[in-house]
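[1] got a sequence here, can you model it:
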Amino acid sequence: EELRRYDLSSGQWDVWHRAGVVNEPMWLSPERLLATSADIEGRRWIMIAGLPTALGAPDTLLSGEGHTGWAPFTRTRGGALIANKWGSRAQVARIELAADGASISPLIDDAFFAALSPDDRWLAFHIGASVLVAPYPALDRRETIVRDGAEPQWLSPTELVYWVQGGSFYRATIDPTTGGLAGPPQLWYQDSRFSDTPGHSYSLTPEGALVYVREPEQAPAAYLRVIPNWVEQMKEAVDAANR
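    Numbers count the residues shown, from 1 in each chain. Have a look, this model is predicted:
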C-alpha cells in the first residue's frame, strides 16, 4: 500500500511511504505528517512522522509486534493522540508524542473509531453496533447515543455525526452536562452510493462538510435474456467436444 500526498490545486501527487499495510495518516501540522504502517509477513509495525517533502527518511516514533499498528484520528488540545488499534483485539489508547519517541496509555478495550470532542470533554467510540459517549479523561460512565450507528465524529463540542447502513448520516446533539442525547438524532445527509471502506469511511472538513468514497453508478439492465435448458445444452456440447 502507498501513502500519497496530493496537491489539490494542481492534481500532482507523490508517494511518501510504502508498506504492506498503511493505516490512516494524520497531519500534525501543515507540513508534518504522521502514519502507522505494518509488515504483514514480518508481523512488525512502526509509527512514523516527518515532512513529506523531505529527502530523508521519516522519524520512527513507535514500533511493535503485530500485523496492524495504531491508527490515530483525533488529538487532545495538548497534542496527545487518541488512537485505535485494529486486529484480533481492538483497543483505544492515548499516545503522548515526545522529541525522542512516544508512549502509549490504554483507555478502552474492544472499542473502535474513538473520537475526542473539540473541547476535550467527551470521547465518542463504537462498540459492537452501538455508538457511545464517555466523559474524558475519567471514562467512568457511558451514554448510548445509538444502537445501530457507526464511526462517530464530532462536528462541534456538542454535535456528533454517525452513519447507518444505507448511506444515511445523522447529527446528534449531546447534552453538555451528561454526555447523553439532548434530543432525537436528525437525518443530515443520505447517499445510497456511499461506500463503507476499511477504517474510517468518511471525514469532516473544518467547515463541516462530508468527504467520502462514492461507489460508481450502477446502470440497470435493459433486458433479461432467458435460454431454456441452457445447462443441458452445455452438457451436450461438452460431451460432443470430448468424443
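[2] got any ranges where the protein has weak pLDDT?
    Applying pLDDT under 70 to the chain picks out residues 87-88.
[3] count of neighbours near W70?
    25 (other Cβ atoms under 10 Å). From N, CA and C alone the C-beta is placed, and that goes for glycine too.
[4] what do you get for S195?
    Neighbours of S195 (other Cβ under 10 Å): 13.
[5] then R32?
    15.
[6] contacts only, for it.
    Contacts for R32 (Cβ atoms under 8 Å, 6 or more residues apart in numbering) come out as A49, G50, L51.
[7] in TSV: those, plus distance to Q186, secondary structure and neighbour count.
    What follows is these, written out as TSV (distance: Cβ to Cβ, whole Å; DSSP: H, G, I helix; E, B strand; the rest coil; neighbours: other Cβ atoms under 10 Å):
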residue	distance to Q186	secondary structure	neighbour count
A49	38	strand	19
G50	41	strand	20
L51	41	coil	14
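[8] out of these, which comes closest to T197?
    Minimum distance to T197 across the contacts of R32 is 23.8 Å, recorded for A49 (Cβ to Cβ).
[9] now G199: how far from N23?
    From G199 across to N23, the span is 7 Å (Cβ to Cβ, to the nearest Å).
[10] higher neighbour count, those two?
    More crowded of G199 and N23, by other Cβ under 10 Å: N23, with 26 against 13.
[11] report the central residue of the chain.
    H200 (1.6 Å; Cα atoms, centre = their mean).
[12] report the contact partners of it.
    H200 neighbours (Cβ under 8 Å, 6+ apart): E24, F73, F113, E151.
[13] common neighbours of G199 and N23, please.
    With contacts defined as Cβ under 8 Å, 6+ apart, the residues adjacent to both G199 and N23 are A71, W86.
[14] where along this structure do the helices fall?
    Along the chain, counting by DSSP state H, helices occupy 230-242.
[15] could you check how far the residue of the chain most remote from its centre is from A237?
    Distance from the C-alpha centroid of the chain peaks at R243, with 57.3 Å (Cα atoms, centre = their mean). For R243, the distance to A237 equals 11 Å [Cβ to Cβ].
[16] check S195 too.
    Counting by Cβ to Cβ - S195 and A237 are separated by 40 Å.
[17] also P185?
    Taken as Cβ to Cβ, the span from P185 to A237 is 58 Å.
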